[in-house]
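In: One predicted model, sequence on top.
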Amino acid sequence: MAQPPVLSLENIGLQIGGRWLFEDLNLHIGPRDRLALIGRNGAGKTTLFRLIFDQLEPDRGERKVKPGTRIVVLEQEPDVAAFDTLMDFALAGEFPPEEYEVEAIAGQLGIDMSTPAQGASGGEKRRAAIARALAQDPDLLLMDEPTNHLDLAAIDWLEGWLERYKGAFVVISHDRTFLKRLTNATIWLERGMLRRKDVGFGGYEAWEEQVYAEEARAAHRLDAKLKLEAHWLERGVTARRKRNQGRLEKLWQMRAQRAAMINPTGPAKLGLESDSSNKSKAVMVADKVSKSYGDRTIIRDFSLRIQRGDRIGVVGANGAGKTTLLKLLTGEIEPDTGTVTIAKTLTGVMIDQQRALLTPDKSVRDVLAEGGDWIDVRGVRKHVQGYLKEFLFDPGLVDTKVSTMSGGERSRLLLAREFSRKSNLLVLDEPTNDLDLETLDLLQEVIADYDGTVLIVSHDRDFLDRTVTLTLGLDGSGFVDIVAGGYEDWESKRQHRSSATKARTAKPETKAPTPSQAAPKSTKLSYKDKRDYELLPARIEELEAAIQKGETILADPDLYTSDPQKFATISKGVENARAEKDSAEERWLELAEMVEG
């Protein structure tokens with residue numbers, strides 16, 4: 001029997017600036033809903049959050065809340081200015097938690113809550129806001145871009161917490177991996193209309209394309225040319241995704257070529273070939289580079305040849321050395337040992353995670369074309385309104401002030417400006433923050449078509465999987481892992497190495513036991529224990545092979561649309577195999593300890 005909703009918005013109408021942003025909007029949130037809120041920048045997602053949280057009064061309609069429901073919001077930009085420390089901020093929620101509850105969560109997130117609020121970084125503020133929100137024990141949690149400013153370890157921890165969470169949540173996020181892992185329904189806000197589909201984000205794109213196709217057919221039947229023109233942006237979404245599938249196939253080919261160049265023996269690195277063809281393509285060459293600060297080694301014995309057209313992803317925990325590595329590669333700082341050679345013809349553009357480059361009182365026309373009508377886009381002259389359309393803006397916004405734009409729209413405008421500049425090196429530092437999913441698709445397309453070299457620092461796993469040919473993974477020890485492919489390729493290699501290390505340290509010999517090897521005599525082991533000790537290593541290998549095979553099949557971008565039942569079956573199989581493998585490894589390690597004892 002369906003449970004009554006914990007919150008409902010019924011027939012909501014809201015006017016902003018004399019126009020209706022929402023009319024007759026309805027939303028019902030159940031006690032265990034995990035809702036992905038999808039919508040383009042400027043569609044009103046944050047405004048909808050304010051209505052749910054009762055921070056904004058609608059012009060008409062009714063908000064109903066089940067008595068006793070705790071609603072907590074995790075804001076995109078937490079305001080800590082009025083507090084002395086991050087702990088003071090965390091304890092000032094609507095449902096003030098105990099300090100030990102905040103400390104428990106903060107410790108797992110790796111944040112010192114005694115940090116002065118005024119000097120806290122974006123990542124520290126974000127972690128403090130998460131600790132504050134979760135410690136309040138909400139029944140309904142509203143999250144606005146929760147993974148912004150988080151490193152991969154913190155994102156993984158938050159995902160694990162939310163999987164165990166017993167309440168409901170609504171999340172706005174550009175992080176596709178986060179959404180696919182956690183959501184069980186999708187609400188889609190577009191043109192003042194809110195649609196709901198009881199399918200997690202993994203099925204959103206197929207649903208979206210189905211809706212657009214139905215609208216296009218209806219408009220065609222009515223011969224409504226003006227209506228069709230109003231849908232140019234939406235129709236472009238489907239076309240863009242189809243183009244991006246072709247680009248992904250090309251990306252996989254590039255990854256295969258790069259994998260063939262990685263030396264299979266010794267440290268993982270790209271060989272520093274001396275033939276003239278490779279020399280002509282190289283734009284950066286790092287040879288045995290090391291860099292330390294005090295007693296800490298940041299980069300150790302790092303070698304890499306970056307070629308023209310490479311797309312390099314840089315991943316690792318906050319503080320692992322990603323920024324240092326970028327500065328070494330671009331010549332901003334010198335290595336302690338080794339050399340970095342940079343092509344003299346290299347001219348770069350840096351797009352960092354700070355959006356302060358845009359002056360609030362300037363118009364879009366001022367930002368892009370210095371007040372004129374035309375803009376030079378990497379040597380090609382374009383009308384500024386036409387160029388705006390390429391970046392998913394309504395051309396009529398050309399004279400809009402930057403101060404009136406949303407954070408996501410400002411980010412998109414900054415991308416439009418920087419991509420217009422002539423360059424052959426593009427450095428992107430957390431480029432996906434504040435962007436909606438359509439803009440991420442566009443950014444993927446622009447990067448794929450960029451004829452120079454791209455360096456990307458990002459914690460967005462799906463975005464890296466869609467854009468980069470090589471991943472540089474930093475673990476904080478100074479070692480830089482070089483892997484052909486994206487985030488998943490790096491993570492797979494890292495997990496394999498971790499499993500191998502555990503196996504080596506858990507037993508006296510480096511060679512794993514096989515079924516033909518007799519178990520050592522021990523009075524502590526029963527007959528079943530001995531059999532498990534002998535047979536589990538082979539079973540673990542079988543499970544690893546099954547997981548790899550399943551993941552290869554799931555990597556097909558067309559599988560979910562063409563055969564959703566097969567996709568679900570294989571996904572469940574992979575999930576079960578992972579669980580069995582984890583259990584088998586834990587069981588074998590316990591037995592190994594008994595044998596050694």
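Out: That came through, no problem. Numbers count the residues shown, from 1 in each chain.
In: Who are the packing partners of the lengthiest helix in the chain?
Out: Taking DSSP state H as the criterion, the chain has its longest helix at helix 564-596. Using 3 or more CB pairs under 8 Å, 6 or more residues apart in numbering; DSSP states H and E, the elements in contact with helix 564-596 are helix 487-506, helix 527-554, helix 559-562. C-beta coordinates here come from the backbone N, C-alpha and C atoms, glycine included.
In: Which residue, neighbours along the chain excluded, lies closest to residue 447?
Out: Counting by CB to CB, 6 or more residues apart in numbering, residue 467 is the residue found nearest to residue 447 once chain neighbours are left out, at 5.2 Å.
In: if I read this right, that neighbour contacts residue 444, doesn't it?
Out: Yes. Shown here, residue 467 and residue 444 form a contact pair, counting by CB atoms under 8 Å, at 5.7 Å.
In: tell me which residues of the longest helix of the chain are tucked away?
Out: Across helix 564-596, burial judged by 16 or more other CB atoms under 10 Å covers 567, 570-571, 573-574, 577-578, 580-581, 584-585, 587-589, 591-592, 595.
In: Repeat that for stretch 163-175.
Out: Across stretch 163-175, burial judged by 16+ other CB under 10 Å covers 167-175.
In: Save those residues as JSON lines, and put in secondary structure, distance to residue 322 and pLDDT too.
Out: Formatted as JSON lines, those follow (DSSP: H, G, I helix; E, B strand; the rest coil; distance: CB to CB, whole Å; pLDDT from 0 to 100):
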{"residue": "167", "secondary structure": "coil", "distance to residue 322": "34", "pLDDT": "95"}
{"residue": "168", "secondary structure": "strand", "distance to residue 322": "35", "pLDDT": "96"}
{"residue": "169", "secondary structure": "strand", "distance to residue 322": "30", "pLDDT": "97"}
{"residue": "170", "secondary structure": "strand", "distance to residue 322": "31", "pLDDT": "97"}
{"residue": "171", "secondary structure": "strand", "distance to residue 322": "26", "pLDDT": "97"}
{"residue": "172", "secondary structure": "strand", "distance to residue 322": "26", "pLDDT": "94"}
{"residue": "173", "secondary structure": "coil", "distance to residue 322": "22", "pLDDT": "93"}
{"residue": "174", "secondary structure": "coil", "distance to residue 322": "20", "pLDDT": "90"}
{"residue": "175", "secondary structure": "coil", "distance to residue 322": "18", "pLDDT": "93"}
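In: would you list the residues you listed in a markdown table and tack on distance to residue 255?
Out: Converted to a markdown table, the buried residues of stretch 163-175 look like this (distance: CB to CB, whole Å):
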| residue | distance to residue 255 |
| --- | --- |
| 167 | 41 |
| 168 | 40 |
| 169 | 35 |
| 170 | 36 |
| 171 | 31 |
| 172 | 31 |
| 173 | 26 |
| 174 | 23 |
| 175 | 22 |
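In: Tell me where the model's unsure across the stretch 251-400 of the chain.
Out: 262-280, 352-357 (pLDDT under 70).
In: can you give me the strands for it?
Out: If DSSP state E, counting those that start in this stretch is used as the criterion, the strands of the stretch 251-400 of the chain fall at 282-293, 296-307, 311-316, 337-342, 348-351, 374-377, 380-383.
In: and of these, who's closest to residue 39?
Out: strand 348-351 (23.8 Å; CB to CB).
In: in that closest one, what's buried?
Out: 348-349, 351.
In: With respect to residue 42, which of those is nearest?
Out: Distance to residue 42, by CB to CB, is smallest for residue 351 among the buried residues of strand 348-351, at 20.6 Å.
In: Correct me if wrong: that closest one contacts residue 427.
Out: Yes. If you go by CB under 8 Å, residue 351 and residue 427 touch, sitting 7.1 Å apart.
In: sorry, back to before: dump the residue contacts of the residue nearest to residue 447.
Out: Residue 467 makes contact with 251, 311, 313, 444, 447-448, 454, 456, 486, according to CB atoms under 8 Å, 6 or more residues apart in numbering.
In: For it, give me the backbone phi and psi.
Out: Note on residue 467: backbone dihedrals following degrees, to the nearest 10 are phi -130, psi -30.
In: how much space between it and residue 418?
Out: Here the criterion is CB to CB, to the nearest Å. By it, residue 467 lies 16 Å from residue 418.
In: just to revisit the earlier point, ok, so of the buried residues of strand 348-351, who is nearest residue 129?
Out: Distance to residue 129, by CB to CB, is smallest for residue 351 among the buried residues of strand 348-351, at 25.1 Å.
In: Output the contacting helices and strands for whichever strand or helix holds residue 155.
Out: Assigned by DSSP states H and E, residue 155 belongs to helix 152-164. When contacts are defined as 3+ CB pairs under 8 Å, 6+ apart, helix 152-164 sits against helix 99-109, helix 122-135, helix 176-182.
In: Can you say which of these is nearest to residue 6?
Out: For residue 6, the closest of those is helix 122-135, at 16.6 Å, according to CB to CB.
In: Buried residues, the closest one. List them.
Out: Neighbour-count burial for helix 122-135, counted by 16+ other CB under 10 Å, picks out 122-135.
In: want to throw these into CSV with pLDDT?
Out: Converted to CSV, the buried residues of helix 122-135 look like this (pLDDT from 0 to 100):
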residue, pLDDT
122, 83
123, 85
124, 91
125, 93
126, 92
127, 94
128, 95
129, 95
130, 96
131, 95
132, 95
133, 95
134, 96
135, 95
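In: For residue 86, state which of the residues you listed is nearest.
Out: Nearest to residue 86 among the buried residues of helix 122-135, with distances taken as CB to CB, is residue 128, at 4.0 Å.
In: ok, now which ones touch that closest one?
Out: Listed by CB under 8 Å, 6+ apart, the contact partners of residue 128 are 78, 80, 86, 89-90, 106, 111, 113, 115, 120.
In: Sort out for me which of those residues are in helices.
Out: 86, 89-90, 106.
In: Quick check: can you list the domain ranges of this structure?
Out: Following automatic domain parsing, one gets these domains for the chain: 7-210, 276-488, 507-596.
In: In CSV, list the ones you listed along with distance to residue 246.
Out: Output for the domains of the chain, formatted as CSV (distance: least, CB to CB, whole Å):
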stretch, distance to residue 246
domain 7-210, 16
domain 276-488, 9
domain 507-596, 10
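In: Lowest mean pLDDT across the ones you listed, which one is that?
Out: Mean pLDDT across the domains of the chain is lowest at domain 507-596; the value there is a mean of 70.
In: Check the offset of that one from the chain's centre.
Out: 29 Å (CA atoms, centre = their mean, to the nearest Å).
In: cool, stretch 93-103 as well?
Out: Distance, centroid of stretch 93-103 to centroid of chain: 28 Å (CA atoms, centre = their mean).
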